[in-house]
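*Asks:* Return atomic coordinates for the entry below.
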Amino acid sequence: MKKFPSLRLGSLLALPLGAALLAGCPMPMPLPNPNPQPAPPTEPKPAPTATPVPTATPLPTPVPKPKMSFYDFKLQTLDGREFSNQILKGRAVLVVNTASNCGFTSQYAGLQALSDKYKDKGLVVIGVPANDFGAQEPGSDAQIAQFCQKNYGVKFPMMSKTVVKGPQKSPFFQFLTAQANPQLAGEIGWNFEKFLVSRDGQLVSRFKSAVKPDSAELVAAVESELAKKSG
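*Replies:* Sure thing, here's the model as predicted:
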């Protein structure tokens, strides 16, 4: 068996790395650096910028329509003259939808008597003819005026024939039946319904057709409003 010459430590250190390994000697460990350099500081990464969410353009605030009052309406009389409700300020008003060929037509006499009794105390009765119930007011304004004067001697203000019910209802009756007083709202049921308006323009009572102008409940309501001072 062939013998290899023995190697000394000095010879091993002088050998290249590969030769030292082939010789079966461990590689010497590197000595630690006595003066280590600190690692350079790490700069913080900027926070991601949030993508702005587009905001909707705010809609303009709608301006509420001014609330209508009883005195804002202008009507027209049977003879074609303008009738402004402004002249009714400070008075109690009884508005009645009328008809010439109705079973309640005789109430014209009671309405005129009521007007005669209380007009000097501040009551105004207003009749508004309508052909909405049983087609019982078919005539023209001139014919209605002649009928009322000839048969009942009507002297209180009578307005031009109008629509008081349904989709074609006049603005004045839209107000009386829906907006004037929610507690008294509702369509008119028949001819000669009655709406009592206070001295300050508020709808305070409403009476069905069968309630006669001289009935205790209607007269009491009228007298109660006349006893109040206007606001």
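*Asks:* for residue 199, what are its contacts?
*Replies:* 90, 91, 92, 122, 225, 226, 228, 229, 230, 231 (Cβ atoms under 8 Å, 6 or more residues apart in numbering). In this view, the C-beta of every residue, glycine as well, is placed from N, C-alpha and C.
*Asks:* Provide the backbone phi and psi angles at residue 115.
*Replies:* phi -60, psi -40 (degrees, to the nearest 10).
*Asks:* Give me the number of neighbouring residues for the residue lying closest to residue 211 once chain neighbours are set aside.
*Replies:* Once flanking residues are discounted, residue 211 sits nearest to residue 218: 5.6 Å by Cβ to Cβ, 6 or more residues apart in numbering. A count of neighbours around residue 218, defined by other Cβ atoms under 10 Å, yields 19.
*Asks:* and residue 218, that's in a helix?
*Replies:* Yes - the assignment for residue 218 (DSSP: H, G, I helix; E, B strand; the rest coil) places it in a helix.
*Asks:* Quick check: it vs residue 206, distance?
*Replies:* Between residue 218 and residue 206 the computed distance is 11 Å (Cβ to Cβ, to the nearest Å).
*Asks:* Next one: residue 191 relative to residue 74, how far apart?
*Replies:* Residue 191 sits 24 Å away from residue 74, taking Cβ to Cβ as the criterion.
*Asks:* now do residue 215
*Replies:* According to Cβ to Cβ, residue 215 stands 31 Å off from residue 74.
*Asks:* One more: residue 166?
*Replies:* Taking Cβ to Cβ as the measure, residue 166 falls 22 Å from residue 74.
*Asks:* just residue 206 next, same as before
*Replies:* 23 Å.
*Asks:* Please identify which of these two sits among more neighbours.
*Replies:* residue 206 (21 against 12).
*Asks:* In a strand, that one, correct?
*Replies:* Yes - assessed by three-state DSSP, residue 206 belongs to a strand.
*Asks:* please begin residue numbering at 719 from this point
*Replies:* Shifting the count to begin at 719 puts that one at residue 924.
*Asks:* ok, the closest residue in space to it that isn't next to it in sequence - how many residues close by?
*Replies:* Computed as Cβ to Cβ, 6+ apart, the closest residue to residue 924 that is not its neighbour in sequence is residue 902, at 4.6 Å. If you count neighbours by other Cβ under 10 Å, residue 902 ends up with 15.
*Asks:* Now do the same contact list for residue 902.
*Replies:* By Cβ under 8 Å, 6+ apart, the contact list for residue 902 reads 921, 923, 924.
*Asks:* Return the closest of those residues with respect to residue 898.
*Replies:* The nearest member of those to residue 898, counting by Cβ to Cβ, is residue 921 at 3.8 Å.
*Asks:* right, and that closest one touches residue 904 too?
*Replies:* No - using Cβ atoms under 8 Å, residue 921 is not in contact with residue 904, being 12.0 Å away.
*Asks:* which one of the two has more residues nearby?
*Replies:* Taking neighbours as other Cβ under 10 Å, residue 921 and residue 904 compare with residue 921 leading, 22 against 10.
*Asks:* Flag the shaky bits of this structure, pLDDT-wise.
*Replies:* Counting by pLDDT under 70, the chain has low-confidence residues at 719-776, 779-784, 948-949.
*Asks:* now the helices for it?
*Replies:* Here the chain has its helices, by DSSP state H, at 727-732, 735-740, 825-836, 859-870, 889-892, 934-944.
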